[in-house]
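# Provided below for reference: sequence and predicted model.
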Amino acid sequence: MVLLWGTFAMLWMPWVDYQKSYRSVALQLKSKIPAGAKCLAQRSLGVSQAAALDYHGGIRTQPFDVVKPAACPLVLVQGSPKHELDAPATTGAMRWTKLADVGRPGDRAERYRLYRLVR
């Protein structure tokens, strides 16, 4: 019985890792972050998701400052596919452009969008 359980677990482990891991999300986001970016703000990003992105891709975020949005020109937003327009609010001549829209293959309820501030 132990041998059967071990074989079953070993055969399904790559599929489960592919479906549920944040590795692919972190690597896709890391490839979209512009070279020389000094900071990356986050909105609605959970603590465990932030830890997974830091572990798999070295992506460290700081809280988004609503008062001074230009202080950090990159923002990572965790949202759902239904809420496509979840970028920070635009003010004046500043607007946010989407650099990336990624998610885990096995999760259709959450998306990670990377925005850059354009002046």
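In hand now; what should we look at? Numbers count the residues shown, from 1 in each chain.

# now Leu45: how far from Trp12?
Going from Leu45 to Trp12 by CB to CB, to the nearest Å gives 29 Å. The C-beta positions use only the backbone N, C-alpha and C, and glycine is treated the same way.

# Neighbour count: these two, which is higher?
More neighbours surround Leu45 than the other of Leu45 and Trp12, with 19 against 10 (other CB atoms under 10 Å).

# and the more buried one, that one's in a helix?
No - counting by DSSP: H, G, I helix; E, B strand; the rest coil, one finds Leu45 to be coil, located in no helix.

# nearest spatial neighbour of it, skipping sequence neighbours?
Residue nearest to Leu45 in three dimensions, not counting chain neighbours: Gln78, with 4.7 Å by CB to CB, 6 or more residues apart in numbering.

# Distance from the chain centre to the longest helix along the chain, please.
Secondary structure of the chain per DSSP state H: the longest helix is helix 2-20. For helix 2-20, the distance from its own C-alpha centre to the chain's C-alpha centre is 26 Å (CA atoms, centre = their mean, to the nearest Å).

# Please report phi then psi for Gly46.
Reported as degrees, to the nearest 10, the phi and psi values for Gly46 are phi -70, psi 160.

# how close does it get to Tyr18?
21 Å.

# Just list the residues touching Lys38, thanks.
With contacts taken as CB atoms under 8 Å, 6 or more residues apart in numbering, Lys38 has the following neighbours: Cys72.

# At which residues are the helices of this structure located?
Taking DSSP H, the helices of the chain run over residues 2-20, 23-32, 47-57.

# most tightly surrounded among these?
The densest packing among the helices of the chain, expressed as mean neighbour count by mean count of other CB atoms under 10 Å, is seen in helix 23-32 with a mean of 17.
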